[in-house]
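Peer 1: Here is the input, now give the coordinates:
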Amino acid sequence: MVLMSTAVLPQMQDRRKGLVINVGSFSSESQTPFMSVYASTKAFVESFSFSLAQEFAGTGVRIICTKPGFVITKMIENMVSESVLWPGPDAYVESHLKTAAIIPMTNGYWFHDVLSFVGSIMKNVMPFVFVTLNTSVMRPRGFNQTRKNE
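Peer 2: Predicted coordinates for the structure are as follows:
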């Protein structure tokens with residue numbers, strides 16, 4: 001990401017036009033047990049994007065960071081169903097495109113924004129909630145699905 005930015009941003013700046021969309025993660029917003037490296041690298045994406053957005057303000061180059069939460073993809077669609085609270089890729093992208101045009105740092109989906117707000121208030125409680133959800137709901141479903149496929 002850093003190397004790509006150094007390669008393309010000068011050209012965008014010369015043209016006074018450009019858009020960079022970096023993909024972070026909701027995991028960057030609080031401690032994420034058992035995913036510490038992932039969450040830390042996504043926190044870097046957020047910080048780097050925010051800093052670049054400030055550095056390039058007024059140049060015609062926009063830097064956006066999207067921090068999606070849980071999106072139902074093919075990898076997990078057998079464990080959890082798409083719903084209003086947990087979007088699939090199409091619903092997420094449609095929502096994200098509406099918010100990214102306005103906000104340089106977005107979760108991209110209304111429920112992810114709600115979780116982000118609640119998480120900012122309950123920052124020390126969220127890791128416990130995440131671990132509980134992950135270990136009591138997601139992992140057993142994934143394990144059972146894996147066993148069915150064997």
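Peer 1: tell me which residues in stretch 117-124 are buried?
Peer 2: Residues of stretch 117-124 classed as buried: residue 119 (neighbour count, 16 or more other Cβ atoms under 10 Å). In short, each C-beta sits where N, CA and C put it, glycine included.
Peer 1: can you tell me which helix in the protein is longest?
Peer 2: The helix spanning the most residues in the chain, taking DSSP state H as the definition, is helix 36-55.
Peer 1: That one: what's the following helix or strand?
Peer 2: Next helix or strand after helix 36-55 toward the C-terminus (DSSP states H and E): strand 61-66.
Peer 1: same for that following strand, what does it pack against?
Peer 2: For strand 61-66, the elements it packs on are helix 2-15, strand 18-23, helix 36-55, helix 89-100, strand 105-106, judged by 3 or more Cβ pairs under 8 Å, 6 or more residues apart in numbering; DSSP states H and E.
Peer 1: relative to helix 89-100, how tilted is that strand?
Peer 2: With axes from the mean of the first three to the mean of the last three Cα atoms, to 10 degrees defining the directions, strand 61-66 sits at 140 degrees from helix 89-100.
Peer 1: Give me the sheet partners of strand 61-66 and which way each runs.
Peer 2: Paired strands of strand 61-66, with direction, are strand 18-23 (parallel), strand 105-106 (parallel) (DSSP bridges).
Peer 1: contacts for the last one?
Peer 2: Applying Cβ atoms under 8 Å, 6 or more residues apart in numbering, the external contacts of strand 105-106 come out as 46, 49, 50, 53, 64, 65, 66, 67, 96, 99, 100, 113.
Peer 1: Would you reformat these as CSV and include pLDDT?
Peer 2: Output for the contacts of strand 105-106, formatted as CSV (pLDDT from 0 to 100):
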residue, pLDDT
46, 93
49, 95
50, 93
53, 94
64, 91
65, 91
66, 88
67, 88
96, 84
99, 77
100, 72
113, 85
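Peer 1: per-residue confidence at the residue lying closest to residue 45 once chain neighbours are set aside?
Peer 2: Once flanking residues are discounted, residue 45 sits nearest to residue 24: 4.1 Å by Cβ to Cβ, 6 or more residues apart in numbering. Listed pLDDT for residue 24 reads 91.
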